[in-house]
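Enquirer: here is my input, please return the structure:
(chains A and B)
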Amino acid sequence: MNKAQTPAESAEIRGRSPWRAAWDSLRLVMQDSFAVVGVVILVLFILIALAAPSLAPFDPFKAMMTDTGRLARLRPPSGDYLLGTTAFGNDVLSQFLHGFRVALLVGLVAAIAVGFISTVFGVLSGYFGGWVDDVLMRITDVALSIPTLPFSIVAVALLGPSIENIILVITVLFWRNGARIIRSAVLTERERVYVKWARAAGASHLHIILRHILPNIVRVIFLWVTMSVAFAILTEASLSFLGLGDPTVISWGQMLNTAFSSGNLRTAWWWVVPPSLALVMLISALYLIGRAYEEQTNPRLRRR
Amino acid sequence: MRAYILRRLAQSVLVVWAVTTIMFFMFRVMPADPTALLLERGLTEEARQALLEEWGLTGTLWDQYVAYLGNILTGDFGSSFLYRKPVWEVLTPLIINTLWIAVPGLLIGAALGAAIGTAVGWAKRGGKLERTGIFMATVIRGVPNFVIGIALLTVFSSTLGWFPGFGMGDPGETTGFARYMTLDFLHHLALPLIAVIIYFMPENLLLMRSGVVENRTEDYIELVRAKGVPQRRVAWHAARNSMLPLITWLFPALAETIAGIVVIEIVFSWPGVGRELVLAVTRQDYPVAQAAFFLLAVMIVLANLAADLVYGKLDPRVVYK
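Expert: Okay, the predicted model is just below:
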């Protein structure tokens, strides 16, 4: 499985490309049929998010009027409004489609921020140790004791409910576990014989990190990024559901919050079911992919 | 061992201090001018000054910080802006309410998860039971807790009318512990409790299943099997050893449950700490919000500490340094 572990001397020192390792890991995950289901859902959601503005029949904030000039509130699905209207006369389908963009934007930013920050900190502190490691460990000790949802509630309420602030809070919250997990993976890799050989053969630290350490921890990074994306989407949805969402954008959590606080949960199923279902599908899809990476990173779970 | 406990304790104190400091800056520095938010307009200057003093908002930031740390050390979180009574009087009954859904919810969720997780872990690898179990658990784990709440509320409360979906019921004349022993209370407890159970079971299930899968190929299982012990008992051997990670997971999970239950409390209007935190934040009742947040953070620190210590007791392979 691991090229670097074959006895060919030169390969030992050259290591392998982290991109190649990432691709191999992706291919391995795609052998898991549950992960394939997750990837298919994820790709579908990304396509819908990209096309949402042209798919949405109306402006999501526009109040629909009937022919007699009254507000078209709580209309069940019909030819005019495919998914009905809200209590405020907004078109549910248009709001629902815009929700894809918010969810995936939050997920994407979290993935990049968390993936990048966690990897940099995790690798630096795991590989070099010393004071960098000490500082990082003390910071994560504190960060891990902060209750995530209450912290986001307080921080977003104080900073002001906007999508930028929600993303900021999510990034601040979720890099910590990632950094810790990646650090411990680096610690194990660092002690491997081939790293020592490469070092003895005169390879630079950068070379060792890029071509020996990274290729072997790429699975751990992927696992953590997948989970972070799911947590980030879940956190945004929870905050919006609690009424702390950005009032200038439409997200699924917000749709549910409006339906809940206006007391229309039972009657307006067309308003409640689409955002709930989409959230469940998206988060489950990410968990299904994450699970495949988990099996991959833990050899004891593999089938024997 | 004793040195380790002492070091972990010192570490925990340090963490609590850091969290309180972060909290101080979050609540005092971030809103541009707290006094503008906190004080009603139309107060006389003296009344304003008196209120500021009462809430520890006078002097330089440093003075405020020192006073604030002193207050926390003596357990004084000040008075609620809204209720006009000490924060602890507001929060204490709410803590009990939260524990009422958190603790049974977590225990039942863990027990159910462990039982089903053992069955799934012991099932044939790649078989139907294993695959359905894993798939279902992963999907249910992906259901946000407010969606669970909304679904339960819509089906069992609004549509079928089997359970009330709002609050804890009318205490009437009963006070003290008797209040929690009424049928009315239990009736109100049912839906939020079920929501917590559904929310926590899948993670337990998957954790238990991983443990059993890891253990079932160990030599000691082969030995037990070779002795001719029936399948069920063999599975129990593997299950028992897989409970270790589950038990240590329970402590941080309890802390996270109490924090994460916020959303479930909101859906069912259950008067707990989390719901009060959300309400306090939106009402800008900062002393209550601050104390509620502090409470949740301390619970997590204590839970992590307990988990570390218990783990060492349970697993003799753990070496303390």
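Enquirer: list the contacts for the residue in the stretch 151-300 of chain A positioned nearest to chain B?
Expert: Residue nearest to chain B within the stretch 151-300 of chain A: A:Ser284 (3.2 Å; CB to the nearest CB). Where C-beta positions appear, they are placed from N, C-alpha and C, glycine not excepted. Residues near A:Ser284 by CB atoms under 8 Å, 6 or more residues apart in numbering or on different chains: A:Gly38, A:Ile41, B:Thr138, B:Val139, B:Arg141, B:Gly142, B:Val143.
Enquirer: so the closest residue to B:Gln11 other than its chain neighbours is in which element?
Expert: Nearest non-adjacent residue to B:Gln11, counting by CB to CB, 6 or more residues apart in numbering or on different chains: A:Asp141, 6.8 Å away. A:Asp141 is part of helix A:130-144 when elements are defined by DSSP states H and E.
Enquirer: residue ranges with poor pLDDT in chain A?
Expert: A:1-13, A:69, A:299, A:302-304 (pLDDT under 70).
Enquirer: helix or strand: which one has the spatially most central residue of chain B?
Expert: What sits nearest the mean C-alpha location of chain B, by CA atoms, centre = their mean, is B:Ile258, with 1.8 Å. According to DSSP H and E, B:Ile258 maps onto helix B:231-260.
Enquirer: and that helix, how far out from the chain's middle?
Expert: Centroid displacement of helix B:231-260 relative to its chain, using CA atoms, centre = their mean, to the nearest Å, is 17 Å.
Enquirer: cool, stretch B:19-29 as well?
Expert: 22 Å.
Enquirer: show me the contacts for the residue in the stretch 1-150 of chain A that chain B sits nearest to.
Expert: Distances between the stretch 1-150 of chain A and chain B by CB to the nearest CB are smallest at A:Pro147, namely 3.7 Å. If you count contacts by CB under 8 Å, 6+ apart, A:Pro147 has them with B:Ala255, B:Glu256, B:Ile258, B:Ala259, B:Phe293, B:Leu296, B:Ala297, B:Met299, B:Ile300.
Enquirer: what's around residue 160, how many residues?
Expert: Because you didn't say which chain, this covers chain A. For A:Gly160, the neighbour count with other CB atoms under 10 Å in any protein chain shown is 12.
Enquirer: that's the wrong chain, I wanted chain B
Expert: Neighbour count of B:Leu160, defined by other CB under 10 Å: 9.
Enquirer: tell me the pLDDT at it?
Expert: Reported pLDDT at B:Leu160 in the predicted model: 75.
Enquirer: still on that earlier bit, in helices only, show me the contacts of A:Ser284.
Expert: A:Gly38, A:Ile41, B:Thr138, B:Val139, B:Arg141 (DSSP state H).
Enquirer: any idea which of the residues you listed is closest to A:Tyr127?
Expert: When the ones in helices among the contacts of A:Ser284 are ranked by distance to A:Tyr127 (CB to CB), A:Gly38 comes first, at 31.6 Å.
Enquirer: how close does that closest one sit to A:Leu286?
Expert: Counting by CB to CB, to the nearest Å, the separation of A:Gly38 from A:Leu286 is 7 Å.
Enquirer: helix or strand: which one has the residue of the stretch 151-300 of chain A closest to chain B?
Expert: helix A:269-297.
Enquirer: could you check how far that helix is from the centre of its chain?
Expert: Relative to its chain's centre, helix A:269-297 lies at 11 Å (CA atoms, centre = their mean).
Enquirer: now it: buried residues?
Expert: A:270-276, A:278-297 (16 or more other CB atoms under 10 Å in any protein chain shown).
Enquirer: backbone phi and psi for the residue in the stretch 1-150 of chain B that chain A sits nearest to, please?
Expert: With CB to the nearest CB as the measure, B:Gly142 is the residue of the stretch 1-150 of chain B nearest to chain A, at 3.2 Å. Note on B:Gly142: its backbone torsions stand at phi -80, psi 0 [degrees, to the nearest 10].
Enquirer: quick one, what contacts it?
Expert: Applying CB under 8 Å, 6+ apart, the residues contacting B:Gly142 are A:Ala230, A:Val280, A:Leu282, A:Ile283, A:Ser284, A:Ala285, A:Leu286, A:Tyr287.
Enquirer: distance of the closest residue to it other than its chain neighbours relative to B:Thr248?
Expert: Nearest-residue entry for B:Gly142: A:Ser284, 3.2 Å, with adjacent residues in sequence omitted and distances by CB to CB, 6+ apart. Distance, A:Ser284 to B:Thr248, by CB to CB: 26 Å.
Enquirer: same deal with A:Gly79?
Expert: From A:Gly79 to B:Thr248 the distance is 57 Å (CB to CB).
Enquirer: that older thread, which of the contacts of A:Ser284 are buried? Put it as a PyMOL command.
Expert: With 16+ other CB under 10 Å as the criterion, this PyMOL line picks the buried residues out of the contacts of A:Ser284:
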select buried, (chain A and resi 38+41) or (chain B and resi 138+139+141+142+143)
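Enquirer: which one of the contacts of A:Ser284 is nearest to B:Val229?
Expert: For the contacts of A:Ser284, the residue nearest B:Val229 by CB to CB is B:Thr138; the value is 32.0 Å.
Enquirer: contact partners for the closest residue to the closest one other than its chain neighbours?
Expert: In this structure, B:Thr138 finds its nearest non-sequential neighbour in A:Tyr287, 4.9 Å apart by CB to CB, 6+ apart. Contacts for A:Tyr287 were tallied using CB under 8 Å, 6+ apart; they are A:Gly38, A:Met227, A:Ala230, B:Thr138, B:Val139, B:Arg141, B:Gly142.
Enquirer: that's all I had, so thanks and see you.
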